[in-house]
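1. here are the coordinates; sequence isn't available:
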């Protein structure tokens, strides 16, 4: 079974690549990852396992690069593949439009269509959505966000939910390395020792509006009234970093709030392992792998009171209104001040993450779906 996985790029948080690589490593499928905007493997910012997957780079210089489009059309029409798996709005829609009519297609939708995507993004995606033989949502909340016209384009028998998974093996290896003094990673400020004696709250994610970091910073200012030595570590980078740093400076939190910028997944897991609580004030999420990774590390989570995070965390999190910093502050103060409550919630979170969301389970369900569609088309 030969699978083509079409992506815009491969990055530190590209769960679609992790799924493809693990599928190529642990199943009988031959997987080729096609990267539309990457020109060579040297441009990929993470390590890739070329023994598990083949990688084809198209080097598109813009979305409508005619050369990249021709190469993609030629690849999909070559007869080399038994199935195409699309991700990401524009590139996914382009792949579905260019694919031969006899090539089965699986499409995965990764975010809330109503809150995360603009009308233009939805229109681009919708233009070819009916071409997919199956449309997979990464959560029930993502599936529920489909507009009525999308439900007409994709009838119920074509829609299903397959949760994202987390790489428990990689998480445990990184945590073991931290405990054994392995300093092979790429931490900030010249070191990789993430241990601290201070109570630490951590958040992980791109610094964009939907992640709502400003609410967390305002909440943390209140947390310090009762836990004055607490530290907030903001992991990730993005277009809102400068404005968030200005907010930190305005509230005189410079000694208590630190930005790591982009770090490797290994370092993310080490940071999580050395922290006390995880906070996620997002206004919208499709699934949130970062939350599940934090849960798998045994962190007590405080997260937004939105449907998808209830779906992911269940009873293993404290919830707060993402528009009210006081609610996040109250929950974080409680957990930082009460070690028993923190440990109990962290243990429940770890058990849920490890039993409900292992990456192996997601790979198995996708592999079964691939096999069903390929056999049906044959």
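-> Perfect, thanks for sending it. From a predicted model like this one, the values you see are computed outputs, not experimental measurements. Numbering: from 1, shown residues only.

2. all helices of the stretch 151-300 of the chain, in order?
-> In the stretch 151-300 of the chain, the helices defined using DSSP state H, counting those that start in this stretch lie at 168-179, 213-226, 241-250, 265-273, 289-296.

3. Report the mean confidence score over the second one.
-> So the one you mean is helix 213-226. In this model, helix 213-226 has an average pLDDT of 95.

4. who does that helix touch, helix- and strand-wise?
-> Under the contact definition 3 or more CB pairs under 8 Å, 6 or more residues apart in numbering; DSSP states H and E, helix 213-226 sits against strand 200-204, strand 231-235, helix 241-250, helix 325-337. Bear in mind the C-beta positions are built from the backbone N, C-alpha and C, glycine included.

5. right, so of these, which gets closest to residue 59?
-> Smallest distance to residue 59 across these (CB to CB): 28.1 Å, for helix 241-250.

6. Residues contacting the closest one, please?
-> Residues from elsewhere that reach helix 241-250 (CB atoms under 8 Å, 6 or more residues apart in numbering): 207, 213-214, 217-218, 234, 254, 257, 259, 261.

7. one more time with 7 Å, if that's ok
-> Helix 241-250 is contacted from outside by 207, 213-214, 217, 254, 257, 259, using CB atoms under 7 Å, 6 or more residues apart in numbering.

8. List the buried residues for it?
-> Applying a neighbour-count criterion of 16 or more other CB atoms under 10 Å, one finds 241, 244-245, 247-248 buried in helix 241-250.

9. For residue 301, state which of the residues you listed is nearest.
-> Checking the buried residues of helix 241-250 against residue 301 by CB to CB gives residue 244 as the nearest, at 20.7 Å.

10. Quick one: mean pLDDT over the helix or strand harbouring residue 125.
-> Using DSSP states H and E, residue 125 sits within helix 119-126. The average pLDDT for helix 119-126 rounds to 95.

11. just stretch 319-336 next, same as before
-> Mean pLDDT, stretch 319-336: 96.

12. what comes up buried for that stretch?
-> 319-320, 322, 325, 327-336.

13. now stretch 20-29
-> Buried residues in stretch 20-29, counted by 16+ other CB under 10 Å: 20-24, 27, 29.

14. circling back: only the buried subset of the contacts of helix 241-250, as a PyMOL command please.
-> Those of the contacts of helix 241-250 that count as buried under 16+ other CB under 10 Å are selected in PyMOL with:
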select buried, resi 207+213+214+217+257+259
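
15. List the residues that contact the nearest residue to residue 235 once chain neighbours are set aside.
-> Spatial nearest neighbour of residue 235, excluding adjacent residues (CB to CB, 6 or more residues apart in numbering): residue 204 at 4.4 Å. Residue 204 makes contact with 235-236, 268, 290, according to CB under 7 Å, 6+ apart.

16. just checking, residue 91 is part of a helix?
-> Yes: membership of residue 91 in a helix is supported by DSSP: H, G, I helix; E, B strand; the rest coil.

17. How many neighbouring residues does residue 359 have?
-> By other CB atoms under 10 Å, the residues close to residue 359 number 24.

18. Run a quick neighbour tally on the closest residue to it other than its chain neighbours.
-> Nearest non-adjacent residue to residue 359, counting by CB to CB, 6+ apart: residue 165, 3.5 Å away. Residues near residue 165, counting by other CB under 10 Å, number 25.

19. okay, the helices and strands packed on helix 213-226 in JSON lines with distance to residue 374 next?
-> Shown next, in JSON lines, are these (distance: least, CB to CB, whole Å):
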{"stretch": "strand 200-204", "distance to residue 374": "36"}
{"stretch": "strand 231-235", "distance to residue 374": "39"}
{"stretch": "helix 241-250", "distance to residue 374": "44"}
{"stretch": "helix 325-337", "distance to residue 374": "47"}
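
20. What pLDDT is listed against the residue nearest to residue 235?
-> So residue 204 comes in at 97 (pLDDT).

21. Next one: it from residue 358, what distance?
-> For residue 204, the distance to residue 358 (CB to CB, to the nearest Å) stands at 19 Å.

22. one step back: please name whichever of the helices of the stretch 151-300 of the chain is nearest to residue 43.
-> Nearest of these to residue 43, taken as CB to CB: helix 265-273 at 18.0 Å.

23. what's in contact with stretch 300-309?
-> With CB under 7 Å, 6+ apart as the test, stretch 300-309 has contacts from 139, 141, 277-282, 284-285, 287-288, 291, 294-295, 313, 317-322, 328, 331-332, 335, 342, 345-346, 349.
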